[in-house]
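**Student:** Structure for this input, please:
(chains A and B)
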Amino acid sequence: MNKKIVKRGLIIIALGIVIGGGVFLYMFFQPHRDVQATKTDFQLEARQIVDEYLNDANTANDKYLQEEGDSKVIEVLGVVAEISEDFNNQKVVLLKARGEKAGVSCTFTAETNKNAVSLKGGDIVTIKGVIRSGAGYDEDMEMYEDVIMEKYDLVNKK
Amino acid sequence: MKKSILSLAVIALVIVTTAFSPIVGKLVSKSGHVNFFSHTAVEDISADNYKVVSTLTTETGDLIYSIPMQSFEFEKSMMQKHFNSNKFLDTKQFPKAKFKGKINNLSDIDFGADGSYTANVTGDLTIHGVSNSVTSDASITVNGGEVTVEVIMDITLADFKIAFEKGKPSTNIAKKVKATVITVYK
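**Tutor:** Numbering: from 1, shown residues only, chains lettered A, B, ... in the order given. This next block holds a predicted model:
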């Protein structure tokens, strides 16, 4: 009888170790979030999110940024103002309407760069990615900073 | 007649001010790379960020960095989550790091002539809502109107109230990390 209990106990402990170890290994080697495969949290126009940040950055940060860095996935509709390339050879599409103080700077990836190549100034596009930081006036640089978004891909071009 | 002269003057003024903004001498970079590197006997940890925005005023030597913290990417997603969490950098609360500095030996650098210059930079670095003064070695390269600035900062994490007291992070993350910031101004 006692032996049975001990045996059962040992099996439970062993199972616990295997499951616990499995969970740990899974978490440790967990892949990065695939932003494009993630459900869109917000669909909005570039000027909307810029205005939200310029009006009240704290409220906007609370709405769009997540604690562990997996912030909101956003589809942005806007006019292409400029296309450039960053230090990592990623295409950067700036959505900014004429007369706006700041825009939305959307960085593509090595995989999605090809979809930004055909874009040109004046195009109206919807693109999807993740927000990293908001827009605002920087007193030290004496200029407006754009909303920064990454992992972008083209959804739709009008 | 007077009105049309006035409106012409206004138009001319608008053209002049918009054509020359941003202010001459203030260079803007949106093409840069920030790397965080931590070395311990257990493991090396590295993170990369390509979203630094910077201004460099060549007349005064003012150098500013604005770094969106959630743009740091780690090899392992778990590390990235830890980095952003409220136990470490709390990037929801403090989405940007800032450096507001000055080149100390500005007279040694000729922004008008191609060449490589050794520089020294001092300024206030704000990470995690905490500011500290840091002095770092830098190198500045001028090449055909393009300026590249590389600054290497040694950052003591405890100075910025970034604490790893228990568990794996306390043994696997160095107390001092190296941050290398490269920015290109065109």
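**Student:** Please state the backbone phi and psi of residue 87?
**Tutor:** Since no chain was named, I'll use chain A. Per-residue torsions, residue A:87: phi -60, psi -20 (degrees, to the nearest 10).
**Student:** Please refer instead to chain B.
**Tutor:** The main-chain torsion angles of residue B:87 are listed as degrees, to the nearest 10 and equal phi -80, psi -20.
**Student:** touching chain B at all, stretch A:73-84?
**Tutor:** Yes. Where contact is defined by CB under 8 Å from any CB of the partner chain, part of stretch A:73-84 touches chain B, namely residue A:84. Any C-beta I mention is one placed from the backbone N, CA and C, and that applies to glycine too.
**Student:** wait, I meant stretch A:47-59
**Tutor:** No. Stretch A:47-59 does not reach chain B (CB under 8 Å from any CB); its nearest approach is 8.9 Å.
**Student:** I'd like the average pLDDT over that stretch.
**Tutor:** Averaged across stretch A:47-59, pLDDT comes to 96.
**Student:** Can I get it in PDB? Just the C-alpha atoms.
**Tutor:** Only the C-alpha atoms of stretch A:47-59 are listed here, as PDB (Å, rounded to 0.1, in the frame of the first residue of the first chain):
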ATOM      1  CA  ARG A  47      -3.600  62.000 -38.800                       C
ATOM      2  CA  GLN A  48      -5.900  60.400 -36.100                       C
ATOM      3  CA  ILE A  49      -3.100  58.800 -34.200                       C
ATOM      4  CA  VAL A  50      -0.800  61.800 -34.600                       C
ATOM      5  CA  ASP A  51      -3.500  64.100 -33.200                       C
ATOM      6  CA  GLU A  52      -4.100  61.700 -30.300                       C
ATOM      7  CA  TYR A  53      -0.400  61.800 -29.400                       C
ATOM      8  CA  LEU A  54      -0.100  65.600 -29.800                       C
ATOM      9  CA  ASN A  55      -3.200  66.200 -27.700                       C
ATOM     10  CA  ASP A  56      -2.300  63.800 -24.800                       C
ATOM     11  CA  ALA A  57       0.700  61.600 -25.100                       C
ATOM     12  CA  ASN A  58       0.100  59.800 -21.800                       C
ATOM     13  CA  THR A  59      -3.400  58.700 -22.700                       C
END
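**Student:** For chain B, what's the nearest residue on chain A?
**Tutor:** Of all residues in chain A, the one sitting closest to chain B is residue A:69 (3.2 Å; CB to the nearest CB).
**Student:** May I ask you to confirm that residue B:173 is in contact with residue B:47?
**Tutor:** No. Counting by CB atoms under 8 Å, residue B:173 stays clear of residue B:47, with 11.2 Å between them.
**Student:** how close does residue B:35 sit to chain A?
**Tutor:** For residue B:35, the distance to chain A equals 11 Å [CB to the nearest CB, to the nearest Å].
**Student:** can you pull the contacts of the residue nearest to that residue when sequence neighbours are not counted?
**Tutor:** Setting aside the residues directly before and after it, residue B:35 is nearest to residue B:180 in space (CB to CB, 6 or more residues apart in numbering or on different chains), at 4.7 Å. The contact partners of residue B:180, by CB atoms under 8 Å, 6 or more residues apart in numbering or on different chains, come to B:33, B:34, B:35, B:37, B:150, B:151, B:152, B:153.
**Student:** Who does residue B:180 form a beta bridge with?
**Tutor:** Assessed by DSSP bridges, residue B:180 has beta-bridge partners residue B:35, residue B:152.
**Student:** For it, give its distance to chain A.
**Tutor:** In this structure, residue B:180 and chain A are 12 Å apart, going by CB to the nearest CB.
**Student:** and residue B:178, that's in a helix?
**Tutor:** No. When the secondary structure is assigned by DSSP: H, G, I helix; E, B strand; the rest coil, residue B:178 falls in strand instead of a helix.
**Student:** Do I have it right that it meets residue B:37?
**Tutor:** Yes. Shown here, residue B:178 and residue B:37 form a contact pair, counting by CB under 8 Å, at 4.7 Å.
**Student:** got the residues of chain A near chain B?
**Tutor:** Among all residues of chain A, those adjacent to chain B (criterion: CB under 8 Å from any CB) are A:27-33, A:61-62, A:65-71, A:84-88, A:90, A:92, A:105, A:107, A:132-134, A:138, A:140-143, A:145, A:148, A:150.
**Student:** Domain-wise, how is chain A divided?
**Tutor:** With automatic domain parsing serving as the domain definition, the record reports that chain A contains domains spanning A:1-30, A:35-157.
**Student:** Pick out the shakiest of the ones you listed, pLDDT-wise.
**Tutor:** That would be domain A:1-30, which, of all the domains of chain A, carries the lowest mean pLDDT at a mean of 85.
**Student:** Toward the C-terminus from the top helix by length along chain A, list the very next helix or strand.
**Tutor:** Using DSSP state H to assign secondary structure, the helix with the most residues in chain A is helix A:2-28. Later in the chain than helix A:2-28, the nearest helix or strand by DSSP states H and E is strand A:42-45.
**Student:** Buried residues in that following strand, which are they?
**Tutor:** The neighbour-count criterion (16 or more other CB atoms under 10 Å in any protein chain shown) identifies residue A:45 as the buried residues of strand A:42-45.
**Student:** Also stretch B:156-171?
**Tutor:** By 16+ other CB under 10 Å, the buried positions in stretch B:156-171 come out as B:157, B:159, B:160, B:162, B:164, B:169.
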